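Engineer: no FASTA, just this:
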């Protein structure tokens, strides 16, 4: 039996080949799409299975807004869960607008009080909180608002610990291990950690959550005569915004010097844009115009392991060998904005979130402080 031989034209062959190619491309395209879609679907299913609830505690007096300070204190309670909530979103409703920050969540089954600086926003009408879940793959997703309460007005007698700005995205808490003193200048010069509450001199004032000094006799005396590090390690973290150039040489940030033969003295030399630590010898950073550009900057000085290191906005500017390891013991008080009661080397500008540690800070901790407090 013979079968007929079918001859196809070149056009027919081309059409068949094109059809097959289209089918193959379509199948491949669908496969590629599913490769991208499946992980998304899988993540969505994982997030749907996550459970956790946080709520604003409206009773007890810990959730309150102090208009004189511009500070809102919010107490947040977290129900017992399986630990899939690393952070929370705290939102304030101000004049119909929502402003807030992402911060580290309380531990499972615990409550925690957070302080926020609302001086630039006005009086909040209410506050709300939502969980932020993290999947096994490391991705985050904000949950639904789980609590909202009207914001009561009142007086906050003491602002303890960290004061968060709004619009920040915090992944790590500010380190408190070894934290000796912290001044947030939330309406006063009180030490939110230790007992070194400050007293204003001259025209020094805490306004809009920062310390303002005009460089003509203004400073803060914080006491702390007995707080000394000797030849040991210590770190200083502070935010500065330099104002008009009033001092003939340097602007003192913070010091424990006076007329004592041993001391420490942290200051900025505007000529050359250099941060310096004086301990009987001088340890300087390299020059950087950002020190004196009229913007907010985060400065950190770390003394330890035979080195003095200077950081500007988390960037290591210079590490200097410390061969002398000078004794920094001093019976003088801690002063912010000067190094003597006569306002020597006065600071002109604004300062905020001044912190003193009795140990060295790590680079990871410096980044955590910066991310939490950045303006």
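Structural biologist: Cool, the structure landed. Keep in mind that this is a model prediction, so the values were computed, not measured.
Engineer: Show me where the protein has its helices.
Structural biologist: 10-49, 363-373 (DSSP state H).
Engineer: Would you mind listing the buried residues in stretch 60-79?
Structural biologist: For stretch 60-79, burial by neighbour count (16 or more other Cβ atoms under 10 Å) applies to 62-66, 69-79. In short, each C-beta sits where N, CA and C put it, glycine included.
Engineer: So which of the residues you listed are in strands?
Structural biologist: Among those, DSSP state E puts 64, 65, 66, 71, 72, 73, 74, 75, 76, 77, 78 in strands.
Engineer: In contact with the closest residue to the first one other than its chain neighbours, which residues are there?
Structural biologist: Nearest residue to residue 64, sequence neighbours excluded (Cβ to Cβ, 6 or more residues apart in numbering): residue 154, at 4.3 Å. Residue 154 makes contact with 61, 64, 65, 66, according to Cβ atoms under 8 Å, 6 or more residues apart in numbering.
Engineer: do that again at 10 Å, thanks
Structural biologist: Residues in contact with residue 154, defined by Cβ atoms under 10 Å, 6 or more residues apart in numbering, are 61, 63, 64, 65, 66, 67, 73.
Engineer: quick check, nearest of the residues you listed to residue 250?
Structural biologist: Closest to residue 250 out of those is residue 66 (35.5 Å), distances taken as Cβ to Cβ.
Engineer: Tell me how many other residues surround the spatially closest residue to the closest one that is not a sequence neighbour.
Structural biologist: Spatial nearest neighbour of residue 66, chain neighbours left out: residue 156 (4.2 Å); criterion: Cβ to Cβ, 6+ apart. The number of residues packed near residue 156 is 19, by other Cβ atoms under 10 Å.
Engineer: Quick check: residue 156 touching residue 184?
Structural biologist: No - judged on Cβ atoms under 10 Å, residue 156 makes no contact with residue 184 at a distance of 11.5 Å.
Engineer: list the residues that contact both of those two?
Structural biologist: 69, 71, 115.
Engineer: Okay, the first one and residue 186: tell me how far apart.
Structural biologist: Right, the one you point to is residue 69. 5 Å (Cβ to Cβ, to the nearest Å).
Engineer: Give the residues shared as contacts by those two.
Structural biologist: Contacts common to residue 69 and residue 186, judged by Cβ under 10 Å, 6+ apart, are 115, 117, 119, 156, 159, 163, 206, 208, 209.
Engineer: what would those residues look like in a markdown table with pLDDT and distance to residue 258?
Structural biologist: Converted to a markdown table, the shared contacts of residue 69 and residue 186 look like this (pLDDT from 0 to 100; distance: Cβ to Cβ, whole Å):
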| residue | pLDDT | distance to residue 258 |
| --- | --- | --- |
| 115 | 95 | 32 |
| 117 | 94 | 32 |
| 119 | 90 | 33 |
| 156 | 93 | 33 |
| 159 | 88 | 28 |
| 163 | 91 | 29 |
| 206 | 96 | 23 |
| 208 | 90 | 30 |
| 209 | 91 | 29 |
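Engineer: CSV please, covering those and showing distance to residue 322.
Structural biologist: Output for the shared contacts of residue 69 and residue 186, formatted as CSV (distance: Cβ to Cβ, whole Å):
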residue, distance to residue 322
115, 36
117, 36
119, 39
156, 41
159, 35
163, 33
206, 34
208, 37
209, 34
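Engineer: Going by neighbour count, which of those residues comes out on top?
Structural biologist: Within these, most neighbours by other Cβ under 10 Å means residue 163, with 25 neighbours.
Engineer: My guess is it contacts residue 116. True?
Structural biologist: Yes - Residue 163 lies in contact with residue 116 (Cβ under 10 Å); the separation is 6.9 Å.
Engineer: between the two, what contacts are shared?
Structural biologist: With Cβ under 10 Å, 6+ apart, residue 163 and residue 116 have common neighbours 70, 71, 72, 73.
Engineer: The last one reaches residue 60, doesn't it?
Structural biologist: Just to be clear, that refers to residue 73. No - assessed by Cβ under 10 Å, residue 73 is found out of contact with residue 60, at 11.0 Å.
Engineer: May I have the beta-bridge partners of the nearest residue to residue 143 once chain neighbours are set aside?
Structural biologist: Among residues not flanking residue 143 along the chain, residue 131 sits closest, at 4.2 Å (Cβ to Cβ, 6+ apart). Counting by DSSP bridges, residue 131 forms beta bridges with residue 88.
Engineer: Touching, residue 131 and residue 146? I think so.
Structural biologist: Yes - counting by Cβ under 10 Å, residue 131 touches residue 146, with 6.5 Å between them.
Engineer: out of the two, which sits in the more crowded spot?
Structural biologist: The neighbour count for residue 131 versus residue 146, taken as other Cβ under 10 Å, is higher for residue 131 (25 against 16).
Engineer: Give me the distance between that one and residue 340.
Structural biologist: For residue 131, the distance to residue 340 - Cβ to Cβ - is 51 Å.
Engineer: Might you report the residue contacts of the nearest residue to residue 229 once chain neighbours are set aside?
Structural biologist: In this structure, residue 229 finds its nearest non-sequential neighbour in residue 328, 5.4 Å apart by Cβ to Cβ, 6+ apart. Contact partners of residue 328, counting by Cβ under 10 Å, 6+ apart, are 228-232, 234, 256-257, 260, 262-265, 277-280, 303.
Engineer: Write a PyMOL command that selects only the buried members of those.
Structural biologist: The PyMOL selection below is limited to those of these classed as buried (16+ other Cβ under 10 Å):
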select buried, resi 228+229+234+256+257+262+263+264+265+277+278+279+303
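Engineer: Filter the contacts of residue 328 down to the ones in strands?
Structural biologist: Using DSSP E, the contacts of residue 328 in strands are 234, 256, 264, 265, 277, 278, 303.
Engineer: Including distance to residue 179, could these go into a markdown table?
Structural biologist: A markdown table is the format used below for the ones in strands among the contacts of residue 328 (distance: Cβ to Cβ, whole Å):
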| residue | distance to residue 179 |
| --- | --- |
| 234 | 11 |
| 256 | 16 |
| 264 | 17 |
| 265 | 21 |
| 277 | 19 |
| 278 | 23 |
| 303 | 16 |
